[in-house]
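Trainee: Here is my input; please provide its structure:
(one chain, ligands or ions: 2)
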Amino acid sequence: MSKNIFDFTSVSDECIKCGKCIPVCTIHQINPDEVTSPRGFIDLLGAYKRGDLELDKNAKNIFESCFLCTNCVDVCPNSLATDMVIEEVRADIADKYGISWFKRVFFWLLKYRFVMDIAMKLGYSVRTCILSEDIQGRGLKARFSLPMIKKGRLLPSMASKSFLNSYPEHITSSKPKQKVAIFIGCLANYNYTTIGDSLVEILQALEIEIFIPKDQLCCGAPAYFTGDVGSVEYLIEKNVAYFETFIDEYDAMIIPEATCSAMIKHDWITFCKNHSKSELIPRIEKLLPKIHMATDWLYKNSELKSLLAKKGKRFDSVVTYHDPCHARKVQGIYKEPRELLAQNYPLVEMSDSNRCCGFGGVTMQSEKFKFAELAGKPKVAMIRDTGATYVSAECSACRVQLSEAMHSAGVETIFKNPLELIAEALKG
Ligand code: SF4
Ligand code: SF4
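Mentor: Ligands and ions are numbered 1, 2, ... in the order given. Got it, this is the predicted structure:
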């Protein structure tokens, strides 16, 4: 058992067994069993800590079935962080069982951007051998069944050139009002590059000077949710040391991705506390006031809303906004993207915009994809009921999950990051 493990005992002692978390739990909704519920997880984690539960294959399966959606934390009268204790036990699972080869390769590539760039370029050139383009441009479809990927599954699109390699490091403005750096996130860097293009266009329209820090690495979220402690440690240390070299010169570093933003703003410190990296904590705390999710910062610190109202084109296409777990529940951001979108698009709320889309992380999207499929169905039904042309969320993980779920349900709604829709409106 890990020495610096999150305090399982206090979490399990503080659970008053009220059951408020059970109806909102994403895994319990699709596997209605007490063991796959926040209350059940907490009971099992307490037993594990006391040495009464062996971390066998069954326990491993149970702890890997949590979507880390934080719905339970939101409603718990004691705000018990079930997701965080599960993230910690996953490090023990990784210690005992190892990490699958394909995840190890993926996490290794996330640490070495140069090699990842080459791998993605190669992947782009040979993609049509095993994948075909979706005619609506939503991504790539598997031509035949592959290990863990069934034929026809919609996968993220691939770009010929990454966002970071497509722009100069500095994009100046003649009379800059503000100066911001961009942290792009891996999916927006390699797969959905129009998000970064849109962010650059928006910042240019606002006459904000842009810095694109080329040596930024992955925030560590995929490795953290899988229990790969070594990779997370490496990525935090490298990124912190790099951000320190420029952060004081900029008004903010903005991130067009809920998961990366939540990882840096919340999970970096939690990770450091639990893995004896306390020397990094004051350094991270010093960076945090400058780190923001993109729509949140643009709404609060720029003239974007009034620019959209005065000069933005008005569209008839209905947009429905999905709240990424890492935006609304973890960072309290839900009003800001809606306020910006509402300047130019009719917004229609779905019946439960806060319900988790069912992405769940790398393990859920590979070995446990059947759970992701089940969790996606109710979300897709509520998107379909709005009749929206676009479903929007500032999260590319939600995009991967919802695009595939809508594609397999035959729903034509297109997923767009709010920044893509906003940039479109600014084109007039
Ligand atoms: S994080 Fe989500 S899936 Fe996991 S226990 Fe909490 S509500 Fe359930
Ligand atoms: S809501 Fe909190 S206190 Fe109540 S059962 Fe769930 S985890 Fe325990």
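Trainee: which ones are touching the residue nearest in space to the middle of the chain?
Mentor: Geometric centre of the chain, nearest residue: residue 259, 2.9 Å, by Cα atoms, centre = their mean. By Cβ atoms under 8 Å, 6 or more residues apart in numbering, the contact list for residue 259 reads 185, 219, 221, 324, 326, 395, 396, 397. Bear in mind the C-beta positions are built from the backbone N, C-alpha and C, glycine included.
Trainee: nearest residue to it other than its sequence neighbours?
Mentor: residue 326 (4.7 Å; Cβ to Cβ, 6 or more residues apart in numbering).
Trainee: Return the helix or strand that neighbour falls within as CSV; C-alpha atoms alone will do.
Mentor: Assessed by DSSP states H and E, residue 326 sits inside helix 325-331. Provided in CSV are the C-alpha atoms of helix 325-331 (Å, rounded to 0.1, in the frame of the first residue of the first chain):
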residue,chain,number,x,y,z
CYS,A,325,-17.5,17.7,-15.0
HIS,A,326,-14.1,19.3,-14.8
ALA,A,327,-15.6,22.8,-15.6
ARG,A,328,-18.8,23.1,-13.7
LYS,A,329,-18.3,20.7,-10.7
VAL,A,330,-14.6,21.2,-10.3
GLN,A,331,-14.1,24.9,-11.3
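Trainee: and it, what other elements does it pack with?
Mentor: helix 71-75, helix 258-262 (3 or more Cβ pairs under 8 Å, 6 or more residues apart in numbering; DSSP states H and E).
Trainee: Out of those, the one nearest ligand 2 is which?
Mentor: helix 71-75 (5.9 Å; Cβ to the nearest ligand atom).
Trainee: Who are the contact partners of the closest residue to residue 409 other than its chain neighbours?
Mentor: Once flanking residues are discounted, residue 409 sits nearest to residue 380: 4.8 Å by Cβ to Cβ, 6+ apart. For residue 380, the contacting residues are 402, 405, 406, 409, 411, by Cβ under 8 Å, 6+ apart.
Trainee: Would you mind giving the domain segments of the protein?
Mentor: Segmentation of the chain into domains, based on automatic domain parsing, reads 8-97, 101-155, 170-300, 311-426.
Trainee: Mean pLDDT lowest where, among those domains?
Mentor: Per-segment mean pLDDT for the domains of the chain reaches its minimum on domain 101-155, at a mean of 86.
Trainee: do you know how far residue 162 is from ligand 1?
Mentor: 31 Å (Cβ to the nearest ligand atom, to the nearest Å).
Trainee: now that residue, what's its secondary structure?
Mentor: Following DSSP: H, G, I helix; E, B strand; the rest coil, we place residue 162 in the coil state.
Trainee: One more: residue 403?
Mentor: For residue 403, the assignment made with three-state DSSP gives helix.
Trainee: Enumerate every residue touching it.
Mentor: Residues near residue 403 by Cβ under 8 Å, 6+ apart: 138, 139, 154, 156, 415.
Trainee: Same check on residue 252?
Mentor: Contacts for residue 252 (Cβ under 8 Å, 6+ apart) come out as 178, 180, 181, 290, 291, 292, 297, 301.
Trainee: Quick check: the third one touching residue 248?
Mentor: In other words, residue 181. No. Using Cβ atoms under 8 Å, residue 181 and residue 248 do not qualify as a contacting pair, with a distance of 11.0 Å.
Trainee: the more surrounded of the two?
Mentor: Neighbours were counted for residue 181 and for residue 248 using other Cβ atoms under 10 Å; residue 181 has more, 22 against 9.
Trainee: Strands of the stretch 51-200 of the chain, start to end?
Mentor: 131-133, 140-142, 154-155, 170-171, 178-182 (DSSP state E, counting those that start in this stretch).
Trainee: Ligand 2 is nearest to which of those strands?
Mentor: The closest of the strands of the stretch 51-200 of the chain to ligand 2 is strand 154-155. By Cβ to the nearest ligand atom, the value is 34.6 Å.
Trainee: Run through the helices of the stretch 151-300 of the chain in chain order.
Mentor: Under the criterion DSSP state H, counting those that start in this stretch, the stretch 151-300 of the chain contains helices at 186-190, 194-205, 221-226, 229-244, 258-262, 268-274, 281-287, 294-301.
Trainee: For burial, what's the neighbour tally of residue 381?
Mentor: Residues within reach of residue 381, counting by other Cβ under 10 Å, total 14.
Trainee: Leaving out chain neighbours, which residue sits closest to the residue of the stretch 151-300 of the chain found nearest ligand 1?
Mentor: Proximity of the stretch 151-300 of the chain to ligand 1 (Cβ to the nearest ligand atom) peaks at residue 225, 10.9 Å away. Leaving aside its sequence neighbours, residue 225 sits nearest to residue 361 (Cβ to Cβ, 6+ apart; 3.9 Å).
Trainee: And that neighbour, its phi and psi?
Mentor: When read as degrees, to the nearest 10, the backbone of residue 361 gives phi 100, psi 180.
Trainee: same thing with the one 10 residues further on?
Mentor: Taking degrees, to the nearest 10, you get phi -70, psi -40 for the backbone angles of residue 371.
Trainee: Contacts for stretch 216-232, please.
Mentor: 68, 87, 89-95, 99, 103-104, 106-108, 110-111, 113, 164, 183-186, 235-236, 238-239, 242, 259-260, 262-264, 267-268, 271, 275, 361-363.
Trainee: what's the distance between residue 171 and residue 216?
Mentor: 16 Å (Cβ to Cβ, to the nearest Å).
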